[in-house]
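# With the input below, show me the fold.
(one chain, ligands or ions: 1)
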Amino acid sequence: MNTIISGNMNKALFVDRDGVINREKDYVYRVEDFEFIDGIMEALKKVAELGYKIIVVTNQAGIARGYYSEKDFQRITEWMCGEFRKRGVEITDVYYDPTHPEYGTGKYKRVSERRKPAPGMILDAVRDHRIGLRQSALVGDKLTDIEAGRRAGVGRLFLVRTGHPFRDEEVPAGVEIVEDLEEVAAKLEG
Ligand SMILES: [Mg+2]
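Okay, the predicted model is just below:
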C-alpha cells in the first residue's frame, strides 16, 4: 500500500518575551525582576487549546552588551517555562538572539539574520517544528517584532499594548492592534 505522507503542518503563535509575557523593564535576567503580565498564563493556555504551538522568539541584546550571560538567560528561561508548565501551558520552544550589531562585545558584535526585525528565528522554528506560516500568528510589542513576522510570512500579526509604547499611526496596514493576550486568544478563536 502506498503511504502518502500528508502535508500536515503545525500552526504556531510566535510570542515575543519582554513586554508581552513579562513586564518590560531594562534587561530582565533575574527571576526576581521577571514579572508575568496579568492574564498571560490563561491566555496562552487558551491559545494552546486552540491547537497552536507556543514559540517564544526574543532578542537578547543584554547578552551582547555583557549585562548577563547566555547561561543566565537559559536559567531564567527554564524557570519561566516551568512556571507555565505548572499552570498547564507547554512552551514548545524558545529562540533567542544574543547579538547586537553596534553595542555588542566580542563575538556578539555582529549583524545577525536571527535578530528581529530579521526573520531568522521564526524560520528556524518553522523548520524545527514543521510550522505552516500562513496558518500561524505572531504577537509582539514592537514594530520590529511585526517586521520579522511579516518578512517570514506569518499569517496574522498582532501588536500588543502591554509593552513598549507605539503610535497607532506608525502601525502598518493589516497589523491587528490588541490590548492584551486575552484579546489575541479571542481573535484566534474567531
Ligand atoms: Mg518586546
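
# what's the next secondary structure element after the strand or helix carrying Thr144?
Using DSSP states H and E, the element containing Thr144 is helix 143-152. Counting by DSSP H and E, the next helix or strand C-terminal to helix 143-152 is strand 156-160.

# Do any residues in that next one lie close to the ion?
No - judged by Cβ under 5 Å from the ion, strand 156-160 stays clear of the ion, getting no closer than 9.1 Å. Placement of C-beta: from N, CA and C, glycine included.

# Please state the offset of whichever helix or strand comes after that strand from the chain centre?
Next along the chain after strand 156-160, taking DSSP H and E as the criterion, comes strand 176-178. Offset of strand 176-178 from its chain centre (Cα atoms, centre = their mean, to the nearest Å): 16 Å.

# give the contact list for the residue of the chain found nearest the ion.
Here the residue of the chain nearest the ion is Gly19; by Cβ to the ion that distance is 3.7 Å. By Cβ atoms under 8 Å, 6 or more residues apart in numbering, the residues touching Gly19 are Gly140, Asp141, Lys142, Val160, Thr162, Gly163, His164.

# Go through these and say which is closest to Glu49.
Closest approach between those and Glu49, by Cβ to Cβ: Val160, at 19.7 Å.

# quick one: contacts for Leu44?
With Cβ under 8 Å, 6+ apart, Leu44 has these contacts: Leu13, Val15, Ile54, Phe84, Val89, Leu181, Ala185.

# Then it would be within a helix, right?
Yes - assessed with DSSP: H, G, I helix; E, B strand; the rest coil, Leu44 lies in a helix.

# Output the longest helix belonging to the chain.
When the chain is parsed with DSSP state H, its longest helix is helix 70-86.

# Which positions within that helix qualify as buried?
Phe73, Ile76, Thr77, Met80, Cys81, Glu83, Phe84 (16 or more other Cβ atoms under 10 Å).

# Adding distance to Leu44 as columns, could you present those residues in JSON lines?
Below are the buried residues of helix 70-86 laid out as JSON lines (distance: Cβ to Cβ, whole Å):
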{"residue": "Phe73", "distance to Leu44": "20"}
{"residue": "Ile76", "distance to Leu44": "17"}
{"residue": "Thr77", "distance to Leu44": "15"}
{"residue": "Met80", "distance to Leu44": "11"}
{"residue": "Cys81", "distance to Leu44": "11"}
{"residue": "Glu83", "distance to Leu44": "11"}
{"residue": "Phe84", "distance to Leu44": "7"}
